[in-house]
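Engineer: Here is the input, now give the coordinates:
(chains A, B, C, D, E, F, G and H)
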There are 8 protein chains.
Amino acid sequence: MTWTIYLSGEIHTDWREQIKAGCAARELPVRFTSAVTNHEASDAAGDVLGEENDSFWRDHKSARVNAIRTGNAIENCDLAVVRFGDKYKQWNAAFDAGMCAALGKPYITLHDESIIHPLKEVDAAAMAWARSADQVVELLAYIIAAD
Amino acid sequence: MTWTIYLSGEIHTDWREQIKAGCAARELPVRFTSAVTNHEASDAAGDVLGEENDSFWRDHKSARVNAIRTGNAIENCDLAVVRFGDKYKQWNAAFDAGMCAALGKPYITLHDESIIHPLKEVDAAAMAWARSADQVVELLAYIIAAD
Amino acid sequence: MTWTIYLSGEIHTDWREQIKAGCAARELPVRFTSAVTNHEASDAAGDVLGEENDSFWRDHKSARVNAIRTGNAIENCDLAVVRFGDKYKQWNAAFDAGMCAALGKPYITLHDESIIHPLKEVDAAAMAWARSADQVVELLAYIIAAD
Amino acid sequence: MTWTIYLSGEIHTDWREQIKAGCAARELPVRFTSAVTNHEASDAAGDVLGEENDSFWRDHKSARVNAIRTGNAIENCDLAVVRFGDKYKQWNAAFDAGMCAALGKPYITLHDESIIHPLKEVDAAAMAWARSADQVVELLAYIIAAD
Amino acid sequence: MTWTIYLSGEIHTDWREQIKAGCAARELPVRFTSAVTNHEASDAAGDVLGEENDSFWRDHKSARVNAIRTGNAIENCDLAVVRFGDKYKQWNAAFDAGMCAALGKPYITLHDESIIHPLKEVDAAAMAWARSADQVVELLAYIIAAD
Amino acid sequence: MTWTIYLSGEIHTDWREQIKAGCAARELPVRFTSAVTNHEASDAAGDVLGEENDSFWRDHKSARVNAIRTGNAIENCDLAVVRFGDKYKQWNAAFDAGMCAALGKPYITLHDESIIHPLKEVDAAAMAWARSADQVVELLAYIIAAD
Amino acid sequence: MTWTIYLSGEIHTDWREQIKAGCAARELPVRFTSAVTNHEASDAAGDVLGEENDSFWRDHKSARVNAIRTGNAIENCDLAVVRFGDKYKQWNAAFDAGMCAALGKPYITLHDESIIHPLKEVDAAAMAWARSADQVVELLAYIIAAD
Amino acid sequence: MTWTIYLSGEIHTDWREQIKAGCAARELPVRFTSAVTNHEASDAAGDVLGEENDSFWRDHKSARVNAIRTGNAIENCDLAVVRFGDKYKQWNAAFDAGMCAALGKPYITLHDESIIHPLKEVDAAAMAWARSADQVVELLAYIIAAD
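Structural biologist: Predicted coordinates for the structure are as follows:
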């Protein structure tokens, strides 16, 4: 069985690539999904439908278009990895984690020790907390491929 | 019918009291639920089960105890109001919003204009965005009591 | 047991009052829910959140506020009556019927013979098609109170 | 992953073909489903089961046969596009949209500006509103194939 | 807690009254629901909506009206008792049992030994098989009121 | 898309083979599932687990083993055809129909006019009533393969 | 709101009474449900339906009768407390915990340190692990009644 | 169709291999899933995330990592076989059975006669009780491959 892994959260570091490379190196049967990670493209997702003067509605339109993709990814994943970096609000990552929790989709959080306390509710519903992409790869290798 | 309203998020201002007072003044048939909003009590929710040396596990235990209450509140609410203040990470509020979205529980966000952009995914799944407790009370009066 | 009946659709004739009066005359244990039927109030449901220049967004905001009430009504009803008049598009009534069908909520349609053909998909998923409010009252009396 | 797109609504213009051609031109991994779009065949779907004198029952039989196909299409789609033209009642399109909303299937509406107001409830639950088949193709390309 | 018990099946003997009397004698906190058990009234449930020449459609209309009541009863029951007598087809009783099984509603069958074999699939999904109304009352007393 | 069709009910005539042959002749993309239709093998399904002296328990064991197969077939089908012949009780067929109805699986009934009245509840929840295997094949061809 | 607490597991010590007394002393708005805790009565739950020679079937009948009560209790509880003593297999307690986990019902385990390792899967899905009835009462007081 | 069979429980005898070999000999279209059955590896599943001094938390971390795999296996299986040996507590096996029961996944128990009584609740919700791996293979052959 191929596992479908949804990679949610931070888009400013290369953690997705590290996980993909680690899994490829181990030849794990995995398939990754993700939001569009190009920041400008993501913010402009709804622009094709017409310009907006009000930034709230521009954001609203784009966010709903993006939600078609992320909602599909969550619905179809076997496991999610939710990454919180040390910058930005990243409320969308916590929102994704809440959706996973409610839908019974297991997820692993990936973040530094420095933000343990504000993430305690998100971590409490996670199946594991990892500090590095390597740890995530180790977990995937065990979960998917151990005997 | 009495509406059950779950008030989620920020615990450092009196927005909950404003909404409760506004609804009481209008004699709306509402009942409010909430996480424990005493910050120290909330952080210590699991301490009765034994001390922890590792802060991660102390947080984990307390957060899971608190999740019994908040999970029940979300499951049983007719509507949630999710408040984001201008301080703190408030990932638990975004997490609650994600749970509401996945469970089909309608929610209203309550926050200033200054954080529209980072909240765009959370707002996109909300049924309304309010800027003040008064607006929330107006909406509740309309939704629950208009003819 | 009190039955909760959601009355959906046309707001320009007094069919809701006829059904309520008929049920009251028969002392049926029923409770009725409905969208806000004041047309102007309904269109303005979101105005308290701020003015909009673009009519699409004004409608969008109001419709999402109204959906908090109608979604709750559908979720909590035992039965819906969906009325189609001879004017207007009434796509919201057909939309409500689709939600009922998907959620397993039984519904009765109420409309004239002249619109049988365009309503065939909506009627096909209905539990009954009535031509008059009196017929609806007769059905409710039988369903709720017969031995 | 191949996306399955359910194309619902108007059958008198070639919007389905435009979307299919646009996706083919971009080599998007999509698969389309639809009701039977031959009007006469659709109205006669139940005739093989025996003639009916009463047009209500002829419509009823055909509509229930057609609902096997459309119900399956909705249940199995990743996304729906719901088209409203400027003629006809098109209550079946609004009904399909209501089913999608209740089942958590995201949908995009496709219609002109002239019918924004009567479609406000249907649009309010949609993930996007497009005015042209080209816009739908642009959205699909972004949602399915952007990085 | 009051238990709601749905009594399904045979309408030609007084088994419902026996169970009700037995529960009343023991003062069990129970509430009973049932289809309309007046055979003629049940067959005529849809007649108020207009006469039908074709007996299939008369039956269809009445059966769908009756299904509003029985569907509601199944959805809201804590337990069903499904009675099979020694006459008639009683496919509706087996149909109700199938609905209970699929919805996770526990049910008890009530029938003689002579029809064990044809009822084996229905009994296999039942929580108990009783041969007499007295046995059903004994079970209810134990399930609801034992310490 | 290949449609999976569950063929439920009567095992003493060759209606299953007629439907399969008709679909093969038309090259429809269908796959059929069914209970084990060898009567003796079906009654003995549980015998491998040990002999039973009491016929109720022999039936119970076999019926529960068979239910693994039929439950899986219902859960995974796109459509069911439920056949009632003119002999036997066939309560298992009505039970399957009830499960389909509760799970939202569309089904077609297949039976003669002579048993319309006792089957009215089963037919009322069906998407179509066919009188011959040929009619079922015609419906499948339309539903699955029409444009 | 009154909380309904399902007390599952060990029946040979008075832990249920301790929790009830502790909650009564604190005047918590709670209501408790439980399996029948009289061991002999529980083993004989199905005897009223007729004697069995084979102990497997006697157990089977009684267990299915008891499951009507425990299934209802799990379905309707807000929270479960699952107690494991130091004797007996108590597979039913672990089974109840598994049902709670799958249904999204939060549960607290109550057991000594000596059986941490064999209970690790059950504890891993629990919201809290308590070592004494007093701790459970403390948790309930916090969850239900704290501000 | 390939059946996916989840093999749950005892890890100290070769019952999994016996079932696999038996199915292979009969060329049944089956695919097996399982927890990691290497006891040491399983206990250490979470160690990669950092050492724990407290054995409860080490067990907790590992059990939650393992639950990603077993939860996925249960969610995706067509049938589970749950094995109870004559040693150890095996609460995880009973927990898996409870999850299967709540999710509507059919399961077969595999155990000796000596533990019938303590397993009565687990067996009562099972579709069959087998005493040997051979019996399980016989059942699978019948369920999957009989005509």
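Engineer: Relative to its centre, which residue of chain A is most distant?
Structural biologist: Residue farthest from the centre of chain A, counting by CA atoms, centre = their mean, is A:Asn53 at 30.2 Å.
Engineer: Can you classify the closest residue to A:Ala126 other than its chain neighbours as helix, strand or coil?
Structural biologist: Once its chain neighbours are removed from consideration, A:Ala126 has its nearest residue in A:Thr109; the separation is 4.6 Å (CB to CB, 6 or more residues apart in numbering or on different chains). (Glycine included, C-beta is placed from N, CA and C.) Using DSSP: H, G, I helix; E, B strand; the rest coil, the structure places A:Thr109 in strand.
Engineer: ok, A:Thr109 touching A:Ala80?
Structural biologist: No - with contact defined as CB atoms under 8 Å, A:Thr109 does not reach A:Ala80; the gap is 9.5 Å.
Engineer: Mutual contacts of these two, please.
Structural biologist: Shared contacts of A:Thr109 and A:Ala80 (CB atoms under 8 Å, 6 or more residues apart in numbering or on different chains): A:Ala97.
Engineer: related to what we said a few turns ago, contacting residues for the residue nearest to A:Ala126?
Structural biologist: Contacts of A:Thr109 were listed using CB under 8 Å, 6+ apart, and they are A:81-84, A:97, A:119, A:122-123, A:126, A:128-130.
Engineer: rewinding a little: need the pLDDT of the residue farthest from the centre of chain A.
Structural biologist: Residue-level confidence at A:Asn53 comes out at 92, pLDDT.
Engineer: and the residue in chain A positioned nearest to chain C, how many neighbours?
Structural biologist: Per CB to the nearest CB, the residue of chain A with the smallest distance to chain C is A:Trp57, at 5.5 Å. Counted by other CB atoms under 10 Å in any protein chain shown, the residues lying close to A:Trp57 total 17.
Engineer: do A:Leu7 as well
Structural biologist: 23.
Engineer: My reading is that A:Tyr6 is in a strand; is that accurate?
Structural biologist: Yes - secondary structure assignment places A:Tyr6 in a strand (three-state DSSP).
Engineer: Can you tell me the SS state at the residue farthest from the centre of chain A?
Structural biologist: Secondary structure of A:Asn53, per three-state DSSP, is coil.
Engineer: Nearest spatial neighbour of it, chain-adjacent residues omitted?
Structural biologist: Spatial nearest neighbour of A:Asn53, chain neighbours left out: C:Asn53 (7.4 Å); criterion: CB to CB, 6+ apart.
Engineer: next one: phi and psi at that neighbour?
Structural biologist: C:Asn53 has phi and psi values of phi -80, psi -30 when expressed as degrees, to the nearest 10.
Engineer: Then the one 10 residues further on?
Structural biologist: Backbone geometry at C:Ala63, expressed as degrees, to the nearest 10, gives phi -70, psi -40.
Engineer: Hmm, D:Pro118 and it touching each other?
Structural biologist: No - no contact is recorded between C:Ala63 and D:Pro118 when judged using CB under 8 Å, the distance being 11.0 Å.
Engineer: which residues sit in contact with the residue in chain A positioned nearest to chain B?
Structural biologist: Here chain A gets closest to chain B at one residue, A:Gly98, 2.3 Å apart by CB to the nearest CB. Contacts for A:Gly98 (CB under 8 Å, 6+ apart) come out as A:122, B:94-102.
Engineer: mind listing which of these are in strands?
Structural biologist: Where the contacts of A:Gly98 are compared with strands, as defined by DSSP state E, there is no overlap at all.
Engineer: Can you list the buried residues in stretch A:107-115?
Structural biologist: Using 16 or more other CB atoms under 10 Å in any protein chain shown as the burial criterion, the residues of stretch A:107-115 that qualify are A:107-111, A:115.
Engineer: could I get those as JSON lines with pLDDT and distance to A:Gly9?
Structural biologist: Below are those laid out as JSON lines (pLDDT from 0 to 100; distance: CB to CB, whole Å):
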{"residue": "A:Tyr107", "pLDDT": "98", "distance to A:Gly9": "10"}
{"residue": "A:Ile108", "pLDDT": "98", "distance to A:Gly9": "11"}
{"residue": "A:Thr109", "pLDDT": "98", "distance to A:Gly9": "9"}
{"residue": "A:Leu110", "pLDDT": "98", "distance to A:Gly9": "8"}
{"residue": "A:His111", "pLDDT": "98", "distance to A:Gly9": "9"}
{"residue": "A:Ile115", "pLDDT": "96", "distance to A:Gly9": "12"}
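Engineer: Which ones among the contacts of A:Thr109 map onto strands?
Structural biologist: Among the contacts of A:Thr109, DSSP E puts A:81-83, A:128-130 in strands.
Engineer: out of those residues, who's nearest C:Ile74?
Structural biologist: The nearest member of these to C:Ile74, counting by CB to CB, is A:Val82 at 32.5 Å.
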